[in-house]
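Peer 1: output the structure for:
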Amino acid sequence: MFLDDEEPMVAPAVSVTVRDATGETVYTGDAADSGDEWSVTLAPLSEGVYTVDWTAEGLAVDRTAFEVVGGFLFTLPEARGSDMDLEDSARFPTAELRHYRGVVEDEFERITGRSFTPRTARVGVLADGSSSLFLGYFDVTDLKAVEGPSGAEDIAGWSVNAYGTLTAPYELPDGASYRVTFGYGFGQAPEDVKRAGLMRLRSVLTAERSGIPDRATAFVASEGGNFTLATAGRNGYETGIPEVDAVLKRYKYAIFHDVFGVSR
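Peer 2: Next up is the predicted model:
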């Protein structure tokens, strides 16, 4: 549904144009109207970031973007098999598992500054007069496209390393803006990170089972004994699950975070 502020826009027909990172059109056609939303079904696309232009009666009404990823931290069958409660598809529908798997993947990337699955990013960076641009990402695998002040660049002579430094074959004008699209991430999720991801997924989906208030930092068990909780955001804990946080800490480039303050 398209809105003009709060009012729905009535459109008898909507056309769709999908473009890849280089601006090349990979699909054009009409969207289907279900009454509540307009949608389009695409053939399988290669990994990357795509933009979608929605047009009604010759007027552009919206522009959206989506990413095709090269893999997942874990499969949905692995998620259901990790906890008997998650086997209940009525209580935990497929759409919910898929959504929270993405939440866990994004959280792990924010904490470590690294992606454990193959992904694509498109970022804007400013040149400093040298031939290099720092992308702010680790485990960079390939360069897909560069847009400069004059449009698309010929990237045949450009190179990029795993630490996110992009090098051009010539000096780039100081202050010039560049938009860079590149691949990054692990080719396959490490087994310890996958296990940590499953633990984190279960904690997110089944948090209500614990009976401990969300704000609690300690509790007294009914059978006796005082317990201090590992709390996210305190004492170095990120998720509040010690085993998960220990795994993620091993994968952080600590010197970059501590010295350069690298974060996304």
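Peer 1: residues in contact with D83?
Peer 2: 202, 206 (CB atoms under 8 Å, 6 or more residues apart in numbering). C-beta coordinates here come from the backbone N, C-alpha and C atoms, glycine included.
Peer 1: would you mind measuring from it to P190?
Peer 2: 21 Å (CB to CB, to the nearest Å).
Peer 1: just R122 next, same as before
Peer 2: R122 is 26 Å from P190, by CB to CB.
Peer 1: the two - which one has more neighbours?
Peer 2: Applying other CB atoms under 10 Å to R122 and P190 shows that R122 carries more neighbours, namely 17 against 14.
Peer 1: name whatever forms a beta bridge with the closest residue to the more buried one other than its chain neighbours.
Peer 2: Of all residues not flanking R122 in the chain, T181 sits nearest, at 4.5 Å (CB to CB, 6 or more residues apart in numbering). Taking DSSP bridges as the rule, T181 bridges to R122, A145.
Peer 1: tell me the contacts of T181?
Peer 2: 21-22, 48-49, 120-122, 143-146.
Peer 1: which other helices and strands contact whichever strand or helix holds T64?
Peer 2: Assigned by DSSP states H and E, T64 belongs to strand 59-68. Here strand 59-68 touches strand 48-56, strand 119-126, going by 3 or more CB pairs under 8 Å, 6 or more residues apart in numbering; DSSP states H and E.
Peer 1: now those as JSON lines including distance to V204 and mean pLDDT?
Peer 2: Listed next are the helices and strands packed on strand 59-68 as JSON lines, based on distance: least, CB to CB, whole Å; pLDDT from 0 to 100:
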{"stretch": "strand 48-56", "distance to V204": "26", "mean pLDDT": "91"}
{"stretch": "strand 119-126", "distance to V204": "21", "mean pLDDT": "94"}
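Peer 1: closest one to S203 among those strands?
Peer 2: strand 119-126 (23.6 Å; CB to CB).
Peer 1: buried sites along stretch 76-84?
Peer 2: The neighbour-count criterion (16 or more other CB atoms under 10 Å) identifies 78-80, 82-83 as the buried residues of stretch 76-84.
Peer 1: swap in stretch 148-167?
Peer 2: Using 16+ other CB under 10 Å as the test for burial, stretch 148-167 gives 148, 153, 155, 158, 160, 164, 166.
Peer 1: returning to that earlier point: inside helices: which ones of the buried residues of stretch 76-84?
Peer 2: Using DSSP state H, the subset of the buried residues of stretch 76-84 located in helices is 78-80.
Peer 1: pretty sure Y163 contacts G136?
Peer 2: No - using CB atoms under 8 Å as the test, Y163 is too far from G136 to be in contact (10.3 Å).
Peer 1: coming back round to it: for the ones in helices among the buried residues of stretch 76-84, which one is nearest T206?
Peer 2: Distance to T206, by CB to CB, is smallest for A79 among these, at 11.8 Å.
Peer 1: might you report the residue contacts of the closest one?
Peer 2: A79 touches 86, 97, 101, 198, 201, counting by CB under 8 Å, 6+ apart.
Peer 1: how close does the residue nearest to R122 get to E67?
Peer 2: Taking CB to CB, one finds T181 at 11 Å from E67.
Peer 1: intersection of neighbour lists for these two?
Peer 2: Joint contacts of T181 and E67 (CB under 8 Å, 6+ apart) are 48-49, 120.
Peer 1: one step back: could I get the contacts of A79 in JSON lines, plus columns for secondary structure?
Peer 2: Shown next, in JSON lines, are these (DSSP: H, G, I helix; E, B strand; the rest coil):
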{"residue": "L86", "secondary structure": "helix"}
{"residue": "L97", "secondary structure": "helix"}
{"residue": "R101", "secondary structure": "helix"}
{"residue": "L198", "secondary structure": "helix"}
{"residue": "L201", "secondary structure": "helix"}
